[in-house]
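Engineer: Here is a sequence with its predicted model. Questions after.
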Number of protein chains: 2
Amino acid sequence: MSDWIAVDWGTTSLRATRMAGERAVETRRSGDGMGGLARDGFEPALMALVEDWLDGPTEVVACGMVGSRQGWAEAPYATVPCAPPLDRAVAVDTRDPRLRLRIVPGVSQTAPHPDVMRGEEVQIAGILRASPEFDGVACLPGTHTKWAHLSAGEIVSFRTAMTGELFALLGRQSVLRHSLGGEDWDAAAFAEAVSDALSRPERALGRLFELRAADLLLGQPAATARSILSGLLIGAELAATKPWWLGRDVVICGADALARAYETALRAQGLQPRVLPAEATTLAGLTAAKEAS
Amino acid sequence: MSDWIAVDWGTTSLRATRMAGERAVETRRSGDGMGGLARDGFEPALMALVEDWLDGPTEVVACGMVGSRQGWAEAPYATVPCAPPLDRAVAVDTRDPRLRLRIVPGVSQTAPHPDVMRGEEVQIAGILRASPEFDGVACLPGTHTKWAHLSAGEIVSFRTAMTGELFALLGRQSVLRHSLGGEDWDAAAFAEAVSDALSRPERALGRLFELRAADLLLGQPAATARSILSGLLIGAELAATKPWWLGRDVVICGADALARAYETALRAQGLQPRVLPAEATTLAGLTAAKEAS
């Protein structure tokens, strides 16, 4: 039996967790992301994962792109500065009367530059649930890495970097894909590339094609090339976001290997970031959203 | 009747031109690029375009990725510093005895950084055919833009920027694709983005996601977003290649709209680049290669 169900529903994936209070009992995943669903496809996609968890009316709290204009139902953005808008979750009608669904809104910003997030505001709520007094910067690495300045329980402002999507596009679809296979890692090459891109950010894009040429001419190992590509892109991101993290407390929350890469890069700059696990932090945020209803 | 046939054979396309001396009589194109052909597919792909031009033994001079390891036959790189290696074209056996095929080698470099070109060395030969005394920099915009320092008839060194491929990946496959449609142009937005990325190159990658957010929140027109994306990437490239062009004579040779974008960006930096047409310059280079045999 579930007390309630926590749902993290992004562009490419859906993750549902059966919760007992604030404890996760079981998590199921599918590839039914928002990007592949028409409006009437959301409820069947969710039911395919959770139907056998339902034995009566059940609260379901969801976050992510499921609340975008192309999602199940639009949950209009809250605007910075604001606390994560947990108390503004939008109730959504469902065909199955057992589902009591609410979707947490994203957050938008128009100045100093336009920006949006959907899902990360719940991770931020999870960070603040563990550390209500946190005053510093949350770095949430992923397809679109978010940097959020948090103070007095609010998101003051934020900035998105497309580093993860660029890494995936260059690694899988560009000419570099021939030179970047595998999953191995070259820590020294990563560190050198971060440092080079941070100190001379104009070099990051200029060095990309070298990865192909070094393979063709010198047989450079794929692990070295992958690590350099990651280092150049993360180094360029750190150069772009330096006013965000310099001299600040930083919390990193993301998938394990990626979070460690950002941690390594920031430690080399003299910071002492804390690393929080992504899924547990999202669940803590969804728990806070459930309690806010 | 053809004197001879000039062939520009890249990764994604094939272009054959029936030549009378140094004059182009007719050009035909197909999508049979190197990337989609197995080794025994090259001759049929060429014959499908040119067979009715053959009325006896005919010289065919080719350049581009057709000479790579994955191509019809490998034409090993010449190494900088060197003149475009027209006199080192590799004769290739063909099944049809009327074809007298030669492939011009590419050029490689190991220091100051590893780099390779295939096809651009023939465009450079075309530039030098028109201006044998040229001392300066050739900028060859395309999927992979090449910057080559030319002096005393030689390629002294060169640098590749993946700007064109990045623009295509971001514009067609990233989340930005939703905000970048059409072919219209916003010249002021382009100029501002070039200037911003050139003066603060770390901003170029940081600003990418703004294009999506500005569409969602402010309805920014797609033409403006496309022009900003182009300007950010070209500006970042100019920042990376500044030691190449600053205070030098620059010749730009590329497809019309793209060459004009680079020209506009460099003029804003006080340069007076000359622009040469891409196809005619390639044909001039292939003509020089034919004469060098």
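Structural biologist: Ah, there it is.
Engineer: Only the buried residues of stretch A:265-272, if you could.
Structural biologist: Buried positions in stretch A:265-272, judged by neighbour count with 16 or more other C-beta atoms under 10 Å in any protein chain shown: A:265-266, A:271. Yep, even glycine has a C-beta here, placed from its N, CA and C like the rest.
Engineer: And stretch A:229-243, by the same measure?
Structural biologist: The neighbour-count check on stretch A:229-243 (16+ other C-beta under 10 Å) flags A:229-241 as buried.
Engineer: any idea how far residue B:77 is from the residue of chain A most remote from its centre?
Structural biologist: For chain A, the largest distance from the centre (C-alpha atoms, centre = their mean) belongs to residue A:217, which lies 37.2 Å off. For residue A:217, the distance to residue B:77 equals 8 Å [C-beta to C-beta, to the nearest Å].
Engineer: Find the residues that touch each one of these two.
Structural biologist: With contacts taken as C-beta atoms under 8 Å, 6 or more residues apart in numbering or on different chains, the residues that reach both residue A:217 and residue B:77 are B:108, B:116.
Engineer: ranges for the helices of chain A?
Structural biologist: Defined through DSSP state H, the helices belonging to chain A, from first to last, are A:42-50, A:120-130, A:163-173, A:187-199, A:202-206, A:208-218, A:222-240, A:242-245, A:256-267, A:278-291.
Engineer: Distance to residue B:197 added to those, as CSV?
Structural biologist: CSV is the format used below for the helices of chain A (distance: least, C-beta to C-beta, whole Å):
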stretch, distance to residue B:197
helix A:42-50, 40
helix A:120-130, 26
helix A:163-173, 15
helix A:187-199, 15
helix A:202-206, 9
helix A:208-218, 16
helix A:222-240, 11
helix A:242-245, 16
helix A:256-267, 22
helix A:278-291, 32
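Engineer: In terms of mean pLDDT, which of those helices ranks lowest?
Structural biologist: The weakest mean pLDDT among those belongs to helix A:202-206, with a mean of 89.
Engineer: rewinding a little: and the helices of chain A: which comes nearest residue B:16?
Structural biologist: If you check each of those against residue B:16 by C-beta to C-beta, helix A:208-218 wins as the nearest, at 26.7 Å.
Engineer: mind listing what's buried in the closest one?
Structural biologist: Of the residues in helix A:208-218, those buried under the neighbour-count criterion (16+ other C-beta under 10 Å) are A:208-217.
Engineer: can you narrow those residues to ones near chain B?
Structural biologist: When the buried residues of helix A:208-218 are checked against chain B using C-beta under 8 Å from any C-beta of the partner chain, the ones in range are A:208-210, A:212-214, A:216-217.
Engineer: Return the residues in contact with the closest residue in space to residue A:13 that isn't next to it in sequence.
Structural biologist: Excluding its sequence neighbours, the residue lying closest to residue A:13 (C-beta to C-beta, 6 or more residues apart in numbering or on different chains) is residue A:33, at 5.0 Å. Under the criterion of C-beta under 8 Å, 6+ apart, the contact list for residue A:33 reads A:9-14, A:65.
Engineer: From residue B:3, how far off is residue A:33?
Structural biologist: 58 Å.
Engineer: now swap in residue A:253 and tell me
Structural biologist: When distances are taken as C-beta to C-beta, residue A:253 and residue B:3 turn out to be 68 Å apart.
Engineer: Contact distance from chain B - what residues of the stretch 51-200 of chain A qualify?
Structural biologist: Residues of the stretch 51-200 of chain A lying close to chain B (C-beta under 8 Å from any C-beta) are A:77, A:108-110, A:113-116, A:144, A:159-163, A:165-166, A:169-170, A:173-176.
Engineer: Which members of the residues you listed are classed as buried?
Structural biologist: Those of those that meet the buried threshold are A:77, A:108-109, A:113-116, A:144, A:159-163, A:165-166, A:169-170, A:174-176, by 16+ other C-beta under 10 Å.
Engineer: Just grab the bridge partners of the residue nearest to residue A:5 when sequence neighbours are not counted for me.
Structural biologist: Residue nearest to residue A:5 in three dimensions, not counting chain neighbours: residue A:60, with 4.6 Å by C-beta to C-beta, 6+ apart. Beta bridges link residue A:60 to residue A:5, residue A:101, judged by DSSP bridges.
Engineer: dump the residue contacts of residue A:60.
Structural biologist: By C-beta under 8 Å, 6+ apart, the contact list for residue A:60 reads A:4-5, A:7, A:46, A:50, A:99-102.
Engineer: Please identify which of those residues is nearest to residue B:185.
Structural biologist: Using C-beta to C-beta, residue A:7 is the member of those that sits closest to residue B:185, with 42.6 Å.
Engineer: Could you give the number of residues near the closest one?
Structural biologist: When neighbours are defined as other C-beta atoms under 10 Å in any protein chain shown, residue A:7 has 22 of them.
Engineer: ditto for the one 5 residues further on
Structural biologist: With neighbours defined by other C-beta under 10 Å, the count for residue A:12 comes to 12.
Engineer: if I read this right, it contacts residue A:29, doesn't it?
Structural biologist: No. In this structure, residue A:12 is not within contact of residue A:29 by C-beta atoms under 8 Å, at 11.0 Å.
Engineer: shared neighbours of those two, which are they?
Structural biologist: Jointly contacting residue A:12 and residue A:29 under the rule C-beta under 8 Å, 6+ apart is no residue at all.
Engineer: how about the residue sitting nearest the centre point of chain A, what does it touch?
Structural biologist: Here the mean C-alpha position of chain A is nearest to the C-alpha of residue A:142 (C-alpha atoms, centre = their mean), at a distance of 4.4 Å. Contacts here follow C-beta under 8 Å, 6+ apart; on that basis residue A:142 touches A:164, A:254-255, A:258.
Engineer: got a winner among these for most neighbours?
Structural biologist: For the contacts of residue A:142, the largest number of neighbours (other C-beta under 10 Å) sits with residue A:254, at 24 neighbours.
Engineer: Which residue ranges make up each domain of chain A?
Structural biologist: A:4-133+A:278-291, A:161-276 (automatic domain parsing).
Engineer: Which stretch among the ones you listed approaches residue B:285 most closely?
Structural biologist: Distances from residue B:285 to each of the domains of chain A were compared by C-beta to C-beta, and the smallest falls on domain A:161-276, at 21.8 Å.
Engineer: end-to-end on the closest one?
Structural biologist: Distances were taken as C-alpha to C-alpha, to the nearest Å; on that basis the terminal residues of domain A:161-276 are 20 Å apart.
Engineer: follow-up on the earlier one: model confidence for the residue nearest to residue A:13, exactly?
Structural biologist: Reported pLDDT at residue A:33 in the predicted model: 95.
Engineer: Please tell me how far it sits from residue B:145.
Structural biologist: 35 Å.
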